[in-house]
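# Structure here, sequence nowhere to be found:
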């Protein structure tokens with residue numbers, strides 16, 4: 001139930017944007033936009049992106065002491081580095097697949113970098129580490145995903161249509177993040193709502 005609650009916190013702000021901005025797109029791309037939102041939520045959930053709840057429940061009402069690594073590969077390359085690459089491959093694929101405005105490598109790479117930076121900065125208020133290695137790995141994963149899309153687009157040319165513009169994915173990333181940041185209170189849900197449901 002907590003996972004459903006978490007998803008709704010990220011999804012509902014995006015749904016409002018979708019209904020206002022992208023509702024007239026072809027159903028094929030609406031499905032993939034919804035898949036994109038689901039993917040973004042899963043990344044926030046896996047990475048433990050910070051939220052208001054981290055500030056409220058921090059020791060003595062303060063912010064958790066940041067755990068920051070700004071030196072690349074200072075502890076070597078671990079399995080986590082490769083997992084972070086894999087995690088962002090779908091982002092690099094979905095951006096150009098859905099939105100025509102991201103069919104340039106640099107545009108997709110910038111979004112991948114900024115998406116990762118958003119997560120890393122949000123982790124400053126959590127007990128998780130803010131690590132430059134994660135930023136590098138996520139950006140590499142986005143680039144790999146873009147090249148996979150390039151191969152895919154040459155093999156399946158009928159899927160070269162897409163949604164116009166570049167604002168859509170940025171809006172979905174920001175709205176889902178803000179939804180998670182301001183609406184997701186797992187402790188409150190677990191102790192207040194979940195007992196009523198079961």
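Structure's in. What do you need? In this text the structure is predicted, and so the values were computed from the model without any measurement.
# Now name the helix or strand holding the closest residue in space to residue 160 that isn't next to it in sequence.
Distances taken as C-beta to C-beta, 6 or more residues apart in numbering place residue 153 nearest to residue 160, at 5.7 Å, with adjacent residues excluded. All C-beta atoms are positioned from the backbone trio N, CA, C, and that covers glycine. Assessed by DSSP states H and E, residue 153 sits inside helix 132-155.
# packing partners for that helix?
Contacts defined by 3 or more C-beta pairs under 8 Å, 6 or more residues apart in numbering; DSSP states H and E place helix 132-155 against helix 79-98, helix 105-122.
# Out of these, flag the one nearest residue 68.
Among those, helix 105-122 comes nearest to residue 68, with 9.1 Å by C-beta to C-beta.
# can you list the residues that contact that closest one?
For helix 105-122, contacts defined as C-beta atoms under 8 Å, 6 or more residues apart in numbering pick out 43-44, 47, 49-51, 88, 91-92, 95-96, 101-102, 130-131, 134-135, 138-139, 141-143, 145-146, 166, 169-170, 173, 177, 181.
# Same check on stretch 130-138?
66-73, 77, 80-82, 84-85, 87-88, 112-113, 115-117, 119-121, 123-124.
# List only buried entries from those.
81, 84-85, 87-88, 112-113, 115-116, 119-120, 123-124 (16 or more other C-beta atoms under 10 Å).
# pLDDT below threshold where in this protein?
Residues of the chain meeting the criterion pLDDT under 70: 58-65, 186-198.
# Please repeat the previous calculation with a cut-off of 90.
1-6, 20-29, 48-71, 73-78, 122-130, 156-165, 182-198 (pLDDT under 90).
# Just give me the residue right at the centre of it.
Central residue of the chain (C-alpha atoms, centre = their mean): residue 40, 3.3 Å from the mean position.
# hang on, isn't that residue packed against residue 7?
No: using C-beta atoms under 8 Å, residue 40 is not in contact with residue 7; the gap is 10.6 Å.
# Residue 105 versus the residue nearest to residue 160, what's the distance?
13 Å (C-beta to C-beta, to the nearest Å).
# Which among the contacts of helix 105-122 count as buried?
By 16+ other C-beta under 10 Å, these give 43-44, 47, 49-51, 88, 91-92, 95-96, 101-102, 130-131, 134-135, 138-139, 141-143, 145-146, 169, 173, 177, 181 as buried.
# how about the host helix or strand of the residue nearest to the centre of the chain: buried residues?
Of the helices and strands defined by DSSP H and E, residue 40 is found in helix 27-47. By 16+ other C-beta under 10 Å, the buried positions in helix 27-47 come out as 29-30, 32-33, 36-37, 39-44, 47.
# tell me the angle of that helix relative to helix 79-98?
Here the directions of helix 27-47 and helix 79-98 differ by 160 degrees (axes from the mean of the first three to the mean of the last three C-alpha atoms, to 10 degrees).
# chain center to helix 27-47, what's the gap?
When distances are taken as C-alpha atoms, centre = their mean, to the nearest Å, helix 27-47 is centred 8 Å away from the chain's centroid.
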